[in-house]
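Novice: Let me see the structure of the following:
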Amino acid sequence: MQSRNALIGAFTGEFCQSLVQSILPKGFFAIQEAICYELGLEGNSKADLVIARSNRKELSAEEICLIFEVKMSIVWNWELKVSGKRYKLECIGDYKSHRGTPGILRSDSVLKAIGKCIDVRLSSERAKKIPLIVLANTPITRFYYNKVDLLKKYGLIQGFWSLNPKPLEDTSDPDNLKMTPKSGFYRFDNETELKEKLLQILKMDFTFFA
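Specialist: All right, here's what the predicted structure looks like:
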């Protein structure tokens, strides 16, 4: 289940779309699998999720306000207990009990996210006005702390955001990261926190000189 597959991708994509749409102001739309030929978002490289001013799949660069790349996996282990006709799900551990490594804790996931964002950033002059965010549900490894901060500083990617307030059972675990020193990675602990940050970005007029 930790491998890449369409079921997990579809579920996490729908979850992110529903969550983002619920906190957007009137006139903005969260769209999955968006197409923008000018930005190279087509075929197998559609945008996982965008915020746009038009409610349709095929968009111009001017209509796109923000692009999300979604990198999420299963992060908790559950066991189904059966007693006669009664069924119960029992939590048996966080992602540290997995045999596989989830989400952006894998270098391949991080590098693919970075690669796609750079491809968009270099695709068109109009791309320099669009924020790029990687949505995750785990912390990031220590190896990437400085790297994600530099990606934000240089304007390539505006953040790796985790939407999971409790990725680890032990909240005092040093790996339960809230944010890197320059906020290249940031963990949101509630919808209010996410809404404030998202609206702040949508209100600002950016130009990225990456």
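Novice: which residues of the protein fall in strands?
Specialist: 29-34, 47-52, 64-71, 76-83, 86-94, 132-136, 159-162, 185-187 (DSSP state E).
Novice: List the buried residues in the fourth one.
Specialist: What that stands for is strand 76-83. 76-77 (16 or more other Cβ atoms under 10 Å). (Each C-beta comes from the backbone N, C-alpha and C, glycine too.)
Novice: partners of that strand in the sheet?
Specialist: Counting by DSSP bridges, the strands paired with strand 76-83 are strand 86-94 (antiparallel).
Novice: residues in contact with the residue positioned nearest the centre of the chain?
Specialist: Nearest to the mean C-alpha position of the chain, by Cα atoms, centre = their mean, lies L135 at 0.8 Å. Contacts were defined as Cβ atoms under 8 Å, 6 or more residues apart in numbering; by that measure L135 touches 16, 48-49, 68-72, 161, 163.
Novice: at 10 Å what do you get?
Specialist: Neighbour list for L135: 12-13, 15-16, 19-20, 48-49, 68-72, 104, 113, 159-163, 188 [criterion: Cβ atoms under 10 Å, 6 or more residues apart in numbering].
Novice: same deal with T12?
Specialist: 48-49, 70-74, 103, 135-137, 163.
Novice: Show me the two of those residues that sit farthest apart.
Specialist: Comparing all pairs in the contacts of T12 by Cβ to Cβ, the longest separation belongs to L49 and I74, at 19.1 Å.
Novice: Compare the two and say which is more crowded by neighbours.
Specialist: Remark: of L49 and I74, L49 carries more neighbours, 25 against 17, as counted by other Cβ atoms under 10 Å.
Novice: hang on, the earlier thing: mind putting the strands of the chain into JSON lines with distance to D170 and mean pLDDT?
Specialist: Shown next, in JSON lines, are these (distance: least, Cβ to Cβ, whole Å; pLDDT from 0 to 100):
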{"stretch": "strand 29-34", "distance to D170": "33", "mean pLDDT": "96"}
{"stretch": "strand 47-52", "distance to D170": "30", "mean pLDDT": "96"}
{"stretch": "strand 64-71", "distance to D170": "23", "mean pLDDT": "96"}
{"stretch": "strand 76-83", "distance to D170": "13", "mean pLDDT": "92"}
{"stretch": "strand 86-94", "distance to D170": "8", "mean pLDDT": "92"}
{"stretch": "strand 132-136", "distance to D170": "19", "mean pLDDT": "97"}
{"stretch": "strand 159-162", "distance to D170": "17", "mean pLDDT": "97"}
{"stretch": "strand 185-187", "distance to D170": "15", "mean pLDDT": "97"}
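Novice: Please consider this matter closed, and thank you.
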